[in-house]
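Asker: Coordinates for the following, if possible.
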Amino acid sequence: MISLKGFNGFKNTVMAILFLALCFPEMAQAQATASPLGSQTLGRPYWHVFAAYVIAWLLVLLWMVAISRRLGRIEDRVGSTVRD
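Answerer: Presented below is the predicted three-dimensional model:
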């Protein structure tokens, strides 16, 4: 059997949360119906944000390619000097 001596604090916390959730279910339901965020959609007003993220990711990827090419050239130079 697995010993759970180190998990007493965790077990007590989980039990307290379950106890509160079972004793006061309206608290959990109030969280679910607070606002209609689920019905919102990201439409036309946010296209520039997505375009900016695409541009940023492309710049990061191109930067990584440039760094790897430079490192390859440096490795070739160092390798040729070591062989000489």
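Asker: Outline the domain layout of the protein.
Answerer: 1-36, 44-84 (automatic domain parsing).
Asker: in the helix or strand containing residue 12, what's buried?
Answerer: Assigned by DSSP states H and E, residue 12 belongs to helix 8-23. Within helix 8-23, no residue counts as buried by 16 or more other C-beta atoms under 10 Å. (Glycine included, C-beta is placed from N, CA and C.)
Asker: Can you dump the C-alpha atoms of it in CSV for me?
Answerer: Provided in CSV are the C-alpha atoms of helix 8-23 (Å, rounded to 0.1, in the frame of the first residue of the first chain):
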residue,chain,number,x,y,z
ASN,A,8,-2.2,15.1,5.0
GLY,A,9,-2.4,18.9,4.4
PHE,A,10,-3.5,18.4,0.8
LYS,A,11,-6.1,15.8,1.8
ASN,A,12,-7.5,18.2,4.5
THR,A,13,-7.6,21.0,2.0
VAL,A,14,-9.5,18.9,-0.6
MET,A,15,-11.9,17.7,2.1
ALA,A,16,-12.6,21.2,3.3
ILE,A,17,-13.3,22.4,-0.3
LEU,A,18,-15.6,19.4,-0.9
PHE,A,19,-17.4,20.1,2.4
LEU,A,20,-17.9,23.8,1.5
ALA,A,21,-19.1,22.9,-2.0
LEU,A,22,-21.6,20.4,-0.7
CYS,A,23,-22.9,22.6,2.1
